[in-house]
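> Predicted coordinates and the sequence they were generated for:
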Amino acid sequence: MAKHPSHLESHLGYWLRMVSNAVSREYARKVEGQGVTVAEWVLLRALYEVVTAPPSALAERMGMTRGAITKLANRLVAKSLVSRVQNPLDGRGQTLALTPSGKALVPRLARIADHNDAGFFDALPRADRDQLERILRTLARLNHVTDIPVD
């Protein structure tokens with residue numbers, strides 16, 4: 001006799017995806033109200049840390065193709081949040097940098113992310129929340145998950 005297939009609800013991945021989708025959808029809705037997408041926010045946040053960076057370095061750091069970074073950068077340049085600067089060491093190369101508007105937007109978007117997380121996870125006791133974070137970080141490390149989620 002054939003074994004019955006497992007139920008969706010019996011998979012941890014199902015529950016992770018359900019919660020992740022809910023957290024991500026709500027954050028996407030909130031940042032879109034600020035005029036950017038989640039992927040654009042991730043690029044803005046990455047640039048905030050490094051001041052300037054060539055697209056190739058951002059692509060590697062974020063686990064994206066250079067073409068995807070270029071598309072995101074084009075959208076952010078059109079929104080006056082990112083500028084392209086000629087690389088002084090290589091006249092053919094360009095680096096990306098936040099504009100003053102982009103730099104001012106990052107802390108606002110980070111606060112929205114903080115509040116979004118709080119809205120979902122503050123229902124847990126602090127010890128459970130910390131344990132959940134440790135477990136997820138361990139799973140990411142053990143499974144070599146390094147790409148930054150952008151969608």
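Cool, got the structure.
> any idea how far the closest residue to residue 45 other than its chain neighbours is from residue 11?
The shortest distance from residue 45 to any non-neighbouring residue, by Cβ to Cβ, 6 or more residues apart in numbering, is to residue 106 (6.0 Å). No exception for glycine: its C-beta is placed from N, CA and C like everyone else's. Distance of residue 106 to residue 11, given as Cβ to Cβ, to the nearest Å: 36 Å.
> out of these two, which sits in the busier spot?
Between residue 106 and residue 11, counting by other Cβ atoms under 10 Å, residue 106 is the more crowded of the two (18 against 11).
> Where does the more buried one sit, in terms of helix or strand?
Per DSSP states H and E: residue 106 is located in helix 100-121.
> packing partners for that helix?
helix 12-32, helix 38-50 (3 or more Cβ pairs under 8 Å, 6 or more residues apart in numbering; DSSP states H and E).
> Dump those helices into a markdown table; add mean neighbour count as well.
Converted to a markdown table, the helices and strands packed on helix 100-121 look like this (neighbours: other Cβ atoms under 10 Å):
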| stretch | mean neighbour count |
| --- | --- |
| helix 12-32 | 13 |
| helix 38-50 | 19 |
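> okay if I get those helices as JSON lines plus distance to residue 113?
Shown next, in JSON lines, are the helices and strands packed on helix 100-121 (distance: least, Cβ to Cβ, whole Å):
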{"stretch": "helix 12-32", "distance to residue 113": "6"}
{"stretch": "helix 38-50", "distance to residue 113": "8"}
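> Save the ones you listed as CSV, and put in distance to residue 56 and mean pLDDT too.
Shown next, in CSV, are those (distance: least, Cβ to Cβ, whole Å; pLDDT from 0 to 100):
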stretch, distance to residue 56, mean pLDDT
helix 12-32, 26, 94
helix 38-50, 13, 93
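> Looking at these, which is nearest to residue 137?
helix 12-32 (13.5 Å; Cβ to Cβ).
> What lies in contact with the closest one?
By Cβ atoms under 8 Å, 6 or more residues apart in numbering, the surrounding residues in contact with helix 12-32 are 8-9, 37-38, 41, 109, 112-113, 116-117, 119-120, 149, 151.
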